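Undergrad: Fold the stuff below for me.
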Amino acid sequence: MPAVTVFVRRLPATATNEHLAEVFSEIGPLKNCFVVRDRETEKCRGFGYVTFSMEDDAQRAIKEVREYEGEKIFVTVAKKKPDDKKKKKKKPKHEPTETKSPAKRTGIKKIKLKARLIIRNLSFKCEDDDLKQIFSEFGTVMEAKIPLKPDGKKRGFAFVQFKNMAEAGKALAAMNLKEIKASPKKKRDPLPSDVNEGRTIFIRNLAFDTDEEGLEEVLLQFGELKYVRVVMSVDTGYSKGCAFAQFKSKEGADKCIAAAAEDEKEFGGIRVDGRRLNVLPAVNREDAVKFKDKKVKTHTGSRNLYLAREGLIRPGSKTAEGVSETDLAKRTRFEELKRAKLKDMNVYVSKTRLCVHNLPKIVDQQKLQKLCFSAAGGKGVRINECRVMYDKKPICGQVMGKSLGYGFVEFKEHEHALQALRHLNNNPDIFGPQKRPIVEFSLEDGRKLKLKAIRLENSKVRLSCILVSHQCDVLKMSKLNEQLPQLQQHSGKKTGPLSKANAANVVKQEKEQEREYSGFMTKPEVEHVELKDGKKRPKVLHMPSHRGPKIRKRDKGKQPMVQPKKQKKVPSRKERKGSSFIEKSSMNRKPVSQRSREDVRFDTLVNQYKKKLMGTSNTKTAVKKSKWFC
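TA: I've put the predicted structure just below:
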């Protein structure tokens, strides 16, 4: 690689060759370095030249070197002098010292500069004499020099100057990539293992979003910690759900392991971010390898990521021959979506649920189920669910909307799902060669499935409560029906069983009467409620702070509406007869004071029976009274 010279300008007048070489030798090995001086004053004229052995070092110097003794300088690639033969002839025999070539200044010819070797990656124990002794086997060594830093330390490379190119070529071929003055590696003493001391613990069942700071806050209650490290996946860059922690004492590690092993009574154990930790003493690498060899590797991970490749068809492969461009475009789009979703650690690949794309519009759930049933082997195959996705907006004249062209099929066994996928995926005999089914294992979100399970459990609990309350009501009704004949004998009345319609009308009338005059209705409640901190809070509503009539802000300043007096309507003949009949019937009734206790008790039981039978209704509509005649 040819040498490259850079031009340095805006140098101070006090600049020297040695100091300029020190500044630029930090970048790489130099061939030549000098400052252009004035003839009379011998001071720097403000510029200089630096020749690097490697072009990369020169480019690096142009980018990195910006200052010289605290002053800003500019470094650029030096331009070559124009070849003007006429000017060369007119030049005087004795040229100024500052224009001499580097070869003449050092007393070495240009031809000999080509016989100069650069030795990189040199041991810091190697000296100049060692280099001369080693390379003298291949020829005459004119010079061997190891550059030093300003602090006196070696830079790690050296220059060896041979007499001619032939000797330099022999040395290059023989000594390239060979060790020079390499010190033998010492056997290090084994470091003290904290694993054998029992101070390190291994933690599993961590949430994927748990960080080291949050875990450290929980573990500090057992003792002082030296470090906490969450194990990260090399492929995804996310947490693996496990971690290591080292305590400063063995007692802290033992306390942590004992606390994590407690029985789960009222949220026992150690919990971080809602998950109970599984804490075990850590083992060394040798024991871990032994356990790994003993264990039969059948577990493929909780996310089943190996199934994400099942059925993958890449463009240009043999399986992609004959596949239409639209199908290949769909497959690449589905693959990109799958990659993006699997970056979330809560998403996993289902082992029994298939996602079938590229379905024709005429394929419904029954046809898809029959197709998957036969593809999985027929007899003995169990399909838990088969669903084709439709548009929410129905078509005119139909109940369902248009098919979206994909569906889901869930098998009971993984083997049947795998067999169905391998039979249906990219099969040209199913829907034709231009529209082949795209089948893959479905992606599931663990968080959504947990919420679904919680909703299902809550609905089961509510349903069981409703059934229990209904059974209690039936038992109470049966007991009340048994007591009715006895009450009728005591009261001396003969009443038949109440019909539902009549009971409902009576209950509505009674509630309407209560709403007319009862005012604010209260319910019997506990007077005080105990809080978590031991204090009590009153639960019964206090009396209103205002007295007198209710005045609303919206009615302030408004004049009260005067309702016009209604003209008395003259009753008709039928109404007069009806009112006289009602008055006569009411006169025949016994007054309340003359009614016996048995009658009152009987009426209350009947009212309770009505309420149990019909339930309480909060409707405000008035009950329509039936006519007095048939």
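Undergrad: from what I can see, residue 124 looks like it's in a helix, true?
TA: No - Residue 124 is assigned coil when assessed by DSSP: H, G, I helix; E, B strand; the rest coil, not a helix.
Undergrad: Numbering from 47 from now on, please.
TA: Will do, 47 is the new start, and the previous item becomes residue 170.
Undergrad: For it, give me its contacts.
TA: Going by Cβ atoms under 8 Å, 6 or more residues apart in numbering, residue 170 touches 199-200, 202. C-beta here means a position set from N, CA and C on the backbone, and glycine is covered the same way.
Undergrad: now do residue 212
TA: With contacts defined as Cβ under 8 Å, 6+ apart, residue 212 is in contact with residue 185.
Undergrad: what's around residue 262, how many residues?
TA: 14 (other Cβ atoms under 10 Å).
Undergrad: so where does it fall, helix or strand?
TA: If you go by DSSP states H and E, residue 262 is part of helix 258-265.
Undergrad: Next secondary structure after that helix?
TA: Downstream of helix 258-265 (by DSSP H and E), the next one is strand 271-278.
Undergrad: Enumerate the positions of that following strand that are buried.
TA: Judged by neighbour count (16 or more other Cβ atoms under 10 Å), strand 271-278 contains these buried residues: 271, 274, 276.
Undergrad: And stretch 197-217, by the same measure?
TA: The neighbour-count check on stretch 197-217 (16+ other Cβ under 10 Å) flags 200-201, 204-208, 213-214, 217 as buried.
Undergrad: could you give the mean pLDDT of that stretch?
TA: Over the span of stretch 197-217, the pLDDT mean works out to 86.
Undergrad: In three-state terms, label residue 382 for me.
TA: Following three-state DSSP, we place residue 382 in the helix state.
Undergrad: Can you verify residue 493 is assigned to a strand?
TA: No - assessed with three-state DSSP, residue 493 is helix; it does not lie in a strand.
Undergrad: Might you report the residue contacts of it?
TA: Counted by Cβ under 8 Å, 6+ apart, residue 493 has contacts residue 392.
Undergrad: and for stretch 260-277, what are the contacting residues?
TA: Stretch 260-277 is contacted by residues 245, 249, 252, 256-258, 285-286, 288-295, 297-299, 301-302, 305, 316, 318-319 when judged by Cβ under 8 Å, 6+ apart.
Undergrad: Give me the buried entries from the residues you listed.
TA: For the contacts of stretch 260-277, buried by 16+ other Cβ under 10 Å: 245, 249, 252, 256, 285, 289, 291-293, 298-299, 301-302, 305, 316, 318.
Undergrad: which stretches of the stretch 97-246 of the chain form strands?
TA: 113-114, 117-118, 120-123, 162-165, 187-191, 204-208, 246-250 (DSSP state E, counting those that start in this stretch).
Undergrad: Kindly present these as JSON lines, with separate columns for distance to residue 444.
TA: Compiled in JSON lines, those are given as follows (distance: least, Cβ to Cβ, whole Å):
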{"stretch": "strand 113-114", "distance to residue 444": "81"}
{"stretch": "strand 117-118", "distance to residue 444": "80"}
{"stretch": "strand 120-123", "distance to residue 444": "78"}
{"stretch": "strand 162-165", "distance to residue 444": "84"}
{"stretch": "strand 187-191", "distance to residue 444": "93"}
{"stretch": "strand 204-208", "distance to residue 444": "88"}
{"stretch": "strand 246-250", "distance to residue 444": "53"}
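Undergrad: so which of the ones you listed is the most packed in?
TA: Of all those, strand 204-208 carries the top mean neighbour count, a mean of 22, counting by mean count of other Cβ atoms under 10 Å.
Undergrad: Give me the contact list for it.
TA: Contacts for strand 204-208 (Cβ under 8 Å, 6+ apart): 75, 154, 158, 161-165, 168, 172, 174, 177, 181, 184-193, 214, 217.
Undergrad: I figured residue 457 was touching residue 427, is that so?
TA: Yes - using Cβ atoms under 8 Å, residue 457 is in contact with residue 427, at 7.1 Å.
Undergrad: Show me which of these two is the more surrounded one.
TA: Neighbour tally, residue 457 and residue 427, criterion other Cβ under 10 Å: the higher count belongs to residue 457, 26 against 19.
Undergrad: name the element the spatially closest residue to the more buried one that is not a sequence neighbour belongs to?
TA: In space, and not counting its chain neighbours, residue 457 is closest to residue 463: 4.2 Å by Cβ to Cβ, 6 or more residues apart in numbering. If you go by DSSP H and E, residue 463 is part of helix 460-470.
Undergrad: tell me the domain ranges of this structure?
TA: Using automatic domain parsing, the domain parsing of the chain gives 47-153, 156-227, 258-340, 358-497.
Undergrad: Could I get the ones you listed in CSV, plus columns for distance to residue 650?
TA: Shown next, in CSV, are those (distance: least, Cβ to Cβ, whole Å):
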stretch, distance to residue 650
domain 47-153, 101
domain 156-227, 107
domain 258-340, 47
domain 358-497, 48
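Undergrad: residues in contact with residue 92?
TA: 55-59.
Undergrad: ok, so what distance separates it from residue 252?
TA: 65 Å (Cβ to Cβ, to the nearest Å).
Undergrad: Ok, residue 653 next?
TA: Counting by Cβ to Cβ, the gap from residue 653 to residue 252 is 62 Å.
Undergrad: shaky segments in the stretch 347-496 of the chain?
TA: Counting by pLDDT under 70, the stretch 347-496 of the chain has low-confidence residues at 347, 443.
Undergrad: The buried residues of strand 271-278 into TSV, with extra columns for pLDDT and distance to residue 324?
TA: Output for the buried residues of strand 271-278, formatted as TSV (pLDDT from 0 to 100; distance: Cβ to Cβ, whole Å):
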residue	pLDDT	distance to residue 324
271	89	19
274	90	16
276	90	15
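Undergrad: Return the member of those residues nearest to residue 514.
TA: Relative to residue 514, the closest of the buried residues of strand 271-278 is residue 276; by Cβ to Cβ it sits at 47.8 Å.
Undergrad: so who does the closest residue to that closest one other than its chain neighbours touch?
TA: Leaving aside its sequence neighbours, residue 276 sits nearest to residue 289 (Cβ to Cβ, 6+ apart; 4.5 Å). By Cβ under 8 Å, 6+ apart, the residues touching residue 289 are 248-249, 252, 258, 261, 274-277.
Undergrad: how about a cut-off of 10 Å?
TA: Contacts for residue 289 (Cβ atoms under 10 Å, 6 or more residues apart in numbering) come out as 247-250, 252, 256, 258, 261-262, 265, 274-278, 318, 323, 325.
Undergrad: Burial check on residue 472, number of neighbours?
TA: When neighbours are defined as other Cβ under 10 Å, residue 472 has 19 of them.
Undergrad: What of residue 467?
TA: So residue 467, with other Cβ under 10 Å, has 24 neighbours.
Undergrad: Let me know whether it touches residue 353 as I believe.
TA: Yes - using Cβ atoms under 10 Å, residue 467 is in contact with residue 353, at 9.3 Å.
Undergrad: Can you check which residues contact both of those two?
TA: With Cβ under 10 Å, 6+ apart as the test, residue 467 and residue 353 both reach 486-487.
Undergrad: Counting neighbours, what do you get for the closest residue in space to residue 254 that isn't next to it in sequence?
TA: In space, and not counting its chain neighbours, residue 254 is closest to residue 391: 4.1 Å by Cβ to Cβ, 6+ apart. Other residues lying near residue 391 total 18 when counted by other Cβ under 10 Å.
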